[in-house]
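1. Quick check, what structure comes out for this input:
(one chain, ligands or ions: 1)
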Amino acid sequence: MADSVSSNGASLGFDVHTLSHLNQLTHLQSQLNRKSVSPLSDPSSVFFLHPSENPGISIISVKLDTKNYNEWSRAMLIALKSKNKLGFVDGTLPKCSVDDPNFSAWDKCNTFVVAWILQSLSNEISRSVIWNDIAVDIWNDLRHRYYQGDIFKVAELEENLFSLKQGDSSITAYFTKLKAIWEEIENFKSILLCVACESMCVCGLEKLRIQKKETYTVRFLRGLNEQYHNVRSQVMLAKPLPDVNEVFFCSHNKRDI
Ligand SMILES: [Zn+2]
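-> Below is the predicted model:
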């Protein structure tokens, strides 16, 4: 290595020490260049803000009210993720201290995120958080206050599930509606997978999963029109109850189980 430096230096007319100084200077210059680029305009930085970003416009179409927290937070998380700003609400980019070189970049991004959140709140909710200027604090406050709304959402979905009947719908349309409701319920309260059970469940969760599947099969059968009376009677006698997808398939084809 020393040989090659010495020969390169010699060929350019520099001695080894001059060359070493030049290398140091080049290194320092590149460091200075890097520091002179603001993270706000560096696309690889978490603080990058595209020149087209505007804190005065809504970034999602839904406004948070007291009943739609889940829908609102999902839309907001997707929008913030697309702008690489999730860290300002999930706690991974906490406030920089004022002597941190990134402080002004952090402060500007935080202000944008706060403005985007405020734009997406109903007037009443917006007034209740306006005193707060840290995005993650507003985010946690809203979650704390409105996430409970999901309990009511689940109750509403369960009411829909238990009152849905086939009526004028085709069996396929009826089955599709039911599936949409219970998939939404699953999003809110799915039964966990066993942690330590091996070939046989000993913790009791498998029993809960089976009960839930049976509930879906029974719901489907109970809502079917009278023309499916025979299928219903047959299935109700089966032990264990077949999976709802299988029952739908057989009912649809009016085949025996
Ligand atoms: Zn188990």
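2. And the helix or strand encompassing residue 145, what does it pack against?
-> Assessed by DSSP states H and E, residue 145 sits inside helix 135-146. Helix 135-146 is packed against helix 69-82, helix 87-90, helix 103-119, helix 123-129, with contacts defined by 3 or more C-beta pairs under 8 Å, 6 or more residues apart in numbering; DSSP states H and E. All C-beta spots, glycine's among them, are computed from the backbone N, C-alpha and C.
3. Can you give the contact residues for that helix?
-> 64, 66, 69, 73, 88-91, 94, 110, 113-114, 117-118, 121, 125, 129, 132 (C-beta atoms under 8 Å, 6 or more residues apart in numbering).
4. how about the residues of this protein near the ion?
-> 194, 197, 201, 203, 205 (C-beta under 5 Å from the ion).
5. mind redoing it with 8 Å?
-> Along the chain, the residues adjacent to the ion under the rule C-beta under 8 Å from the ion are 194-197, 201-206.
6. buried subset of the contacts of helix 135-146?
-> 64, 69, 73, 88-89, 110, 113-114, 117-118, 121, 125, 129 (16 or more other C-beta atoms under 10 Å).
7. can you tell me which two in those residues are farthest apart?
-> Greatest spatial distance in the buried ones among the contacts of helix 135-146: 69 and 110, 22.0 Å, computed using C-beta to C-beta.
8. Tabulate the residues of the chain next to the ion (CSV), appending neighbour count.
-> Shown next, in CSV, are the residues of the chain next to the ion (neighbours: other C-beta atoms under 10 Å):
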residue, neighbour count
194, 15
195, 7
196, 7
197, 13
201, 16
202, 10
203, 12
204, 10
205, 15
206, 15
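9. What about those residues, which are in helices?
-> Judged by DSSP state H, helices contain the following of those: 205-206.
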